[in-house]
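> After the sequence you'll find the predicted model.
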Amino acid sequence: MKPTIVTMICLVLLCVLSEARGRRCKKCPQYDTNQKKLCRATFATKGIIKSQRRVGDKIEYTVKPNYNFIIKLPSIVKILSPTSECGVFLSTGYEYLISGVKSRYGNTYETHNCFWNDQWIDIPANTQTELTNGKMYARCNS
């Protein structure tokens, strides 16, 4: 009898902890495509990470956009990402495709793992072309 009670208590604790964990991080659809991640975004840029710093529970990336796919961004932008398991972790000096949403707070932008964020060099050449010529984002509106 005692092992059964202990097992039940452990299961209840597991459920409570996993539920609490889910509240910290917005759950993304399990089999999201990069196309869907792009369509969810209000900005997408090919840019170089110039610097990064921790700001509370987020990382603030300073990015120099080289190409904008959805809206025109300033010549230098601040992009915030959570430090939790939902965040994206980008390396200074590398070029990335970064997508996300404009922040409600001033002139910053936000991203996390539900958006398309990949090192540019890792994106296949045909996909890079479709991004650059606008065909990929055009499919979001069809």
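That came in fine, so what should we check first? Residues are numbered from 1 along each chain as shown.

> What count of nearby residues applies to S84?
Residue neighbour count, defined by other CB atoms under 10 Å, stands at 13 for S84. To be clear about C-beta, it is placed using only N, CA and C from the backbone, and glycine gets the same treatment.

> That one contacts I59, doesn't it?
No: checked against CB atoms under 8 Å, the pair S84 and I59 is beyond contact range at 10.6 Å.

> for this structure, which strand is longest?
strand 43-55 (DSSP state E).

> what's downstream of that one, the next helix or strand?
Stepping forward along the backbone from strand 43-55, the first helix or strand reached (DSSP states H and E) is strand 58-68.

> Report the separation between T62 and P82.
Here the distance between T62 and P82 works out to 17 Å (CB to CB, to the nearest Å).

> More neighbours: these two, which one.
In this comparison of T62 against P82, neighbours counted by other CB under 10 Å, the higher total goes to P82 at 19 against 16.

> neighbours of K46, just the number please.
Residues lying near K46 (other CB under 10 Å) number 19.

> what about it, distance to P74?
For K46, the distance to P74 under the criterion CB to CB works out to 15 Å.

> All the strands of the chain, residue numbers only.
Going by DSSP E, the chain shows strands at 43-55, 58-68, 77-82, 95-102, 108-110, 117-119.

> What sits closest to the most centrally placed residue in the chain if chain neighbours are left out?
Computing the C-alpha centroid of the chain and ranking residues by CA atoms, centre = their mean puts H112 first, at 2.6 Å. If the residues on either side of it in the chain are set aside, H112 comes closest to C86, at 4.7 Å by CB to CB, 6 or more residues apart in numbering.

> Tell me the pLDDT of the one you found.
Looking at C86, its pLDDT reads 86.

> Would you confirm that it contacts N113?
Yes: between C86 and N113 there is a contact at 5.2 Å, judged by CB under 8 Å.
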